[in-house]
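[1] sequence first, predicted coordinates after that:
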Amino acid sequence: MSTLAINWKLSHGDFTKLAGALRVKLAKPLSGLLAGAMMALAAPAWAQGADTVLIVGDSLSAEYGLKRGTGWVPLLEKQVAQDKKSAKVVNASISGDTTSGGRSRLPALLTQHKPNVVVIELGGNDALRGLPLDMTENNVTAMVQASKKAGAKVLIVGMQVPPNYGGAYAATFSGLFARVAKAEKVALVPFFLKGIADVDDSASRFQADRIHPNEQSQPKMLANVWPELKKLLK
């Protein structure tokens, strides 16, 4: 029996008798209200009109080399609950993915999950493979436009490459995320690994491969994303 029924101490029959005495049809509306209340209590938060946040990323978001549940995306789910934001987080990140891969996967993800917010965290593998940066920029732009067309707000998570890639290449790569964000009028995190890759003791913040941040760096990654992401949530 529901809490409502216990507190009121009235059965469905009692409601019917009361309705008859008052010459109004209360039983059916009240039953409907009770059913609706019980359904609302039983339904998960995301089913009650909450946002769906879709993360489309690579190994940095897919917990590569980490214990499950310690990456920045699982930490995001806890942050959402802590800040009393109403959102369901869907992590569609794949290790090794490029902007081309993300672009090809995105339409099906938008159809399946119908997100209110799309976080695009891709591009690092494009740079590691030396792919043409105009192609990377075009792919990110296409993903943003597809997400907006589907009715979602967008957050671009920017990346940078080490200086040994060459000054011109590094500047063009880091700048493409800001250019797309400005052109498409969407939110931007300028550098996902700020405070991790650009500090003196950066080696201690990465796994042995010197590419993927370690578990201790995941809260900082979340801290870099959260200020911009929370602005897009209810």
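    Cool, got the structure.
[2] partner strands of the longest strand along the chain and their direction?
    Among the elements of the chain assigned as strand by DSSP state E, the one spanning the most residues is strand 51-57. When pairing is defined by DSSP bridges, strand 51-57 lines up against strand 87-91 (parallel), strand 117-121 (parallel).
[3] tell me where this structure has helices.
    In the chain, the segments counted as helices under DSSP state H are 3-8, 12-22, 27-42, 72-82, 99-113, 124-128, 133-149, 167-184, 218-229.
[4] export those to TSV and tack on mean pLDDT?
    Below are these laid out as TSV (pLDDT from 0 to 100):
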stretch	mean pLDDT
helix 3-8	34
helix 12-22	42
helix 27-42	43
helix 72-82	96
helix 99-113	98
helix 124-128	96
helix 133-149	98
helix 167-184	96
helix 218-229	98
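[5] for residue 156, which of those helices is the nearest?
    helix 167-184 (5.0 Å; C-beta to C-beta). For glycine as for every other residue, the C-beta is placed from the backbone atoms N, C-alpha and C.
[6] ok now that closest one, how far from the chain's centre?
    In terms of C-alpha atoms, centre = their mean, to the nearest Å, the centre of helix 167-184 is found 22 Å from the chain centre.
[7] list the contacts of it.
    The contact list for helix 167-184 (C-beta atoms under 8 Å, 6 or more residues apart in numbering) reads 123, 127, 133, 136-137, 140-141, 144-145, 148, 154, 156-163, 165, 186-188, 190-191.
[8] make a PyMOL selection of the buried ones in those residues.
    The command below creates a PyMOL selection of those among those that count as buried (16 or more other C-beta atoms under 10 Å):
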select buried, resi 123+127+133+136+137+140+141+144+154+156+157+158+159+160+161+165+186+187+188+190+191
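[9] and the nearest residue to residue 165 once chain neighbours are set aside, what does it touch?
    Sequence neighbours aside, residue 127 is the residue nearest to residue 165 in space, at 6.9 Å (criterion: C-beta to C-beta, 6 or more residues apart in numbering). Shown in contact with residue 127 (C-beta under 8 Å, 6+ apart): 133, 136, 159, 161, 165, 169, 173.
[10] good, wrapping up.
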